[in-house]
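[1] Build me a structure from this.
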Amino acid sequence: MKILVTRHGQTDWNVEKRIQGRTDIELNNKGIEQAYKTKENLKNEKIDLIISSPLKRTKQTTDIINIDRNIPIIYDKRLLEICYGENEGKLYDEFDYDGFWNIVNTHEYKEAENVNSFIQRVHNFLNDLKNRKEENILIVTHNGVCRAINTYFNGIPENKNIIELGINNCEVVKYHTLKNHEYIVYAHRGASAYAPENTKVAFEKAIELKSNGIELDLQKTKDGKIVIFHDDYIDKKSNGTGKIEEYTYQELLKLDFGSWFNAKYKNEKIVLFEDFARDYLGKDLTFAIELKVLGIEKETLEIINKYKVHNNIYISSFLYDALENVRKIDSDIKLSWLIDDKISKENIDKILKINGNQICPKANLVSKEDIEIANNNGLGVRLWKINNEEIMKKVYKLNIEGMTVNFPDKLINLLKK
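    Take a look at the predicted model:
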């Protein structure tokens with residue numbers, strides 16, 4: 001989700017007599033010129049909705065920006081209340097600065113978040129925005145709110161100078177954030193703690209355990225069929241040997257993909273991805289579909305598009321080239337990049353280059369700070385390599401979109417508590 005922020009243009013008013021939140025002050029000629037300059041600065045930006053404060057000068061700026069664009073507008077009084085709270089409408093010399101200016105004396109952002117109603121108001125406003133359906137929102141307001149939003153995304157500067165967080169006339173500041181989301185419990189290769197991984201019985205078990213997501217892995221057979229299997233070799237997970245690519249689909253169907261896990265799953269068959277797509281993509285689940293090899297991107301997307309009924313589908317891979325190929329074919333499908341190292345500026349920039357949606361580090365390498373960096377760049381975070389409940393309990397409260405687990409029921413129970 002993209003949030004653009006700009007301020008109204010210049011006005012004529014007596015600084016000693018001005019009133020907080022006063023609604024009848026208009027732009028002067030310079031302010032009107034600035035509004036047109038702001039319009040020019042926004043001409044290449046996609047905007048689905050404008051949220052403006054009800055100040056007359058802000059409405060004027062908004063109207064100019066919206067000439068020839070006809071973007072829906074909401075006038076939201078909370079853009080006054082963020083800074084002024086109950087004091088909106090009072091003269092400066094009567095104004096109780098607690099909540100806005102006293103925040104300058106609070107160095108730690110998280111402490112400030114807890115003790116300042118100012119921070120709480122901006123949090124409430126922006127969290128409400130995350131529930132909206134629009135992806136690109138422009139906020140037109142006064143500079144106090146520009147400072148407040150900057151504080152929300154970037155924290156209080158080390159020198160504690162809130163004033164410098166304002167923006168110049170005609171300037172447009174761009175932030176990326178995530179919409180509020182449902183926490184996804186991805187059953188890793190199905191409920192693979194309880195049934196042989198990547199088999200139909202594992203996927204059915206995941207649904208039985210109330211998982212709201214399924215993760216699976218795709219490879220290509222000798223005769224060009226896309227099947228669901230993870231490992232490089234089939235030796236440990238079947239009664240065959242060698243690689244998936246060395247077998248035709250019909251040859252793989254003759255193998256037993258269940259007995260390695262438990263004798264009661266004898267003769268469990270490998271799953272054709274098209275069969276999975278037909279049976280599951282229409283369900284109210286989120287899917288993480290991992291490409292294990294290059295060269296299956298086109299066929300995978302064709303199958304997905306044939307059966308999908310919603311957009312809760314992520315194509316994931318450790319292979320950046322595979323994700324890049326997917327994006328060249330499909331500009332809209334969600335992309336998740338699985339990484340072996342920590343979240344960094346380098347891998348964030350790389351996934352953003354292909355308009356990716358999610359970055360996926362190992363659970364034992366992630367930190368709260370890393371996740372904040374990813375979120376501030378508009379990326380969700382999904383964790384993998386949750387080998388045991390101890391790791392799961394350490395990371396499940398982080399601001400992540402979900403994680404892949406072999407034992408989805410345990411994570412579901414943990415979230416309920």
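
[2] just the helices in the stretch 151-300 of the chain please.
    Using DSSP state H, counting those that start in this stretch, the helices of the stretch 151-300 of the chain run over 200-208, 249-253, 273-280, 297-307.

[3] ugh, typo on my part, it should be the stretch 1-150 of the chain
    29-41, 56-65, 78-84, 109-115, 117-129, 143-154.

[4] Residue 287 is nearest to which of these?
    For residue 287, the closest of the helices of the stretch 1-150 of the chain is helix 117-129, at 27.0 Å, according to CB to CB. The way it works is simple: take the backbone N, C-alpha and C, and place the C-beta from them, glycine included.

[5] Report the mean confidence score over that closest one.
    Helix 117-129 comes out with an average pLDDT of 75.

[6] ok, back up a step: out of the helices of the stretch 151-300 of the chain, which comes closest to residue 145?
    Among the helices of the stretch 151-300 of the chain, helix 297-307 comes nearest to residue 145, with 41.8 Å by CB to CB.

[7] Quick one: list the elements packing against the closest one.
    The contact analysis (3 or more CB pairs under 8 Å, 6 or more residues apart in numbering; DSSP states H and E) places helix 297-307 against strand 226-228, helix 273-280, strand 286-291, strand 313-317, helix 320-329.

[8] Mind listing what's buried along that helix?
    Within helix 297-307, the residues that count as buried by 16 or more other CB atoms under 10 Å are 297, 299, 300, 301, 303, 304.

[9] contacting residues around the nearest residue to residue 39 once chain neighbours are set aside?
    The shortest distance from residue 39 to any non-neighbouring residue, by CB to CB, 6 or more residues apart in numbering, is to residue 65 (4.7 Å). By CB atoms under 8 Å, 6 or more residues apart in numbering, the contact set of residue 65 is 6, 35, 38, 39, 42, 50, 138, 140.

[10] what does residue 290 give?
    215, 216, 217, 218, 316, 317, 338.

[11] Tell me the secondary structure at the closest residue to residue 316 other than its chain neighbours.
    Of all residues not flanking residue 316 in the chain, residue 336 sits nearest, at 3.7 Å (CB to CB, 6+ apart). Three-state call for residue 336 (DSSP: H, G, I helix; E, B strand; the rest coil): strand.

[12] Does residue 336 touch residue 354 like I think?
    No - at 11.4 Å, residue 336 does not count as touching residue 354 under the criterion of CB atoms under 8 Å.

[13] re the thing from before, tell me who's in contact with the residue nearest to residue 316.
    Contacts of residue 336 (CB under 8 Å, 6+ apart): 288, 314, 315, 316, 317, 356, 357, 358, 359, 360, 382.

[14] closest to residue 369 among those?
    residue 359 (14.0 Å).

[15] Quick check: bridge partners of that closest one?
    With DSSP bridges as the criterion, the beta-bridge partners of residue 359 are residue 337, residue 381.

[16] mind listing what it touches?
    Applying CB under 8 Å, 6+ apart, we find residue 359 in contact with 336, 337, 339, 343, 347, 348, 351, 374, 379, 380, 381, 382.

[17] In a markdown table: those residues, plus pLDDT and distance to residue 417.
    Shown next, in a markdown table, are the contacts of residue 359 (pLDDT from 0 to 100; distance: CB to CB, whole Å):
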| residue | pLDDT | distance to residue 417 |
| --- | --- | --- |
| 336 | 98 | 27 |
| 337 | 98 | 31 |
| 339 | 98 | 30 |
| 343 | 96 | 28 |
| 347 | 96 | 33 |
| 348 | 95 | 32 |
| 351 | 96 | 33 |
| 374 | 93 | 26 |
| 379 | 93 | 28 |
| 380 | 93 | 24 |
| 381 | 96 | 22 |
| 382 | 97 | 21 |
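
[18] Model confidence for residue 89, exactly?
    pLDDT, read off for residue 89, is 38.

[19] Let me fix that, I meant to ask about residue 350.
    Predicted confidence (pLDDT) for residue 350: 97.

[20] What count of nearby residues applies to it?
    As a burial measure, residue 350 scores 17 neighbours (other CB atoms under 10 Å).

[21] ok, it to residue 343 distance?
    11 Å (CB to CB, to the nearest Å).

[22] would you list every one of the strands in the stretch 151-300 of the chain?
    Here the stretch 151-300 of the chain has its strands, by DSSP state E, counting those that start in this stretch, at 173-176, 184-188, 213-220, 226-228, 271-272, 286-291.

[23] Nearest approach to residue 411 belongs to which of those?
    Taking these one by one with CB to CB, strand 184-188 is closest: 5.1 Å.

[24] Next, the angle from the closest one to strand 213-220.
    For strand 184-188 against strand 213-220, the angle by axes from the mean of the first three to the mean of the last three CA atoms, to 10 degrees is 40 degrees.

[25] if we look at strand 184-188, which residues are touching it?
    Residues from elsewhere that reach strand 184-188, judged by CB under 8 Å, 6+ apart: 197, 202-203, 205-206, 209, 211-215, 286, 288, 382, 384, 386, 401-406, 408, 411-412, 415.

[26] so residue 252 touches residue 228, yeah?
    No - applying CB under 8 Å as the test, residue 252 and residue 228 come out as separate, 10.8 Å apart.

[27] Please enumerate the shared neighbours of those two.
    The contact sets of residue 252 and residue 228 overlap at residue 270 (CB under 8 Å, 6+ apart).

[28] Of the two, give the one with the bigger neighbour count.
    Of the pair residue 252 and residue 228, residue 228 is the one with more neighbours under other CB under 10 Å, namely 27 against 23.

[29] Would you mind splitting the protein into its domains for me?
    2-176, 184-416 (automatic domain parsing).

[30] How about the contacts made by the nearest residue to residue 57 once chain neighbours are set aside?
    Once flanking residues are discounted, residue 57 sits nearest to residue 8: 4.6 Å by CB to CB, 6+ apart. With contact set as CB under 8 Å, 6+ apart, residue 8 has these partners: 27, 31, 35, 55, 57, 58, 60, 61, 140, 141, 142.
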